[in-house]
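Here's a sequence, model it:
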Amino acid sequence: MHAPDPARHGVCAELVRKVRATLNENGFRWVKIIVRGGFTADKVKQFVKDEVPFDMVGVGSSLFQGRTDFTAGIVEVDGRPWSKVGRGLRPDPRLRLVI
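Model prediction:
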């Protein structure tokens, strides 16, 4: 197993370009693309430099002074997978059910 490439986590330019192309091909040129998740000032600058077709960007946690960053996406409902592409259940043996 190889180490994950951090550049491919969160929103990547390739994905945004594919979404824009698919929207355009299907008559949805008017739909805006909002990118968010893992964005810092440097990542925004790189997207602009690379001419990635996005309309708005959310930078939330990159504005925090500390190093705390947390997300809690829904990945399973009633035992069935329920998540966006690239997400999924990742069991953590350190966690325990608290009732």
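
Surely E14 is in a strand?
No: counting by DSSP: H, G, I helix; E, B strand; the rest coil, one finds E14 to be helix, located in no strand.

how much space between R80 and I74?
As defined by Cβ to Cβ, to the nearest Å, R80 lies at a distance of 11 Å from I74. Heads up, the C-betas are built off the backbone N, CA and C, glycines and all.

all helices for this protein, in order.
When secondary structure is read from DSSP state H, the chain shows helices at 13-25, 41-49.

These: lowest mean pLDDT?
Ranked by mean pLDDT, those end with helix 41-49 at the bottom, a mean of 92.

could you dump it to CSV, C-alpha only?
Output for helix 41-49, consisting of C-alpha atoms alone and laid out as CSV, is shown next (Å, rounded to 0.1, in the frame of the first residue of the first chain):
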residue,chain,number,x,y,z
ALA,A,41,-4.7,31.0,0.0
ASP,A,42,-2.0,29.1,-1.8
LYS,A,43,-4.4,26.5,-3.2
VAL,A,44,-6.7,29.3,-4.5
LYS,A,45,-3.8,31.0,-6.1
GLN,A,46,-2.8,27.8,-7.8
PHE,A,47,-6.3,27.1,-9.1
VAL,A,48,-6.4,30.7,-10.5
LYS,A,49,-3.0,30.3,-12.1
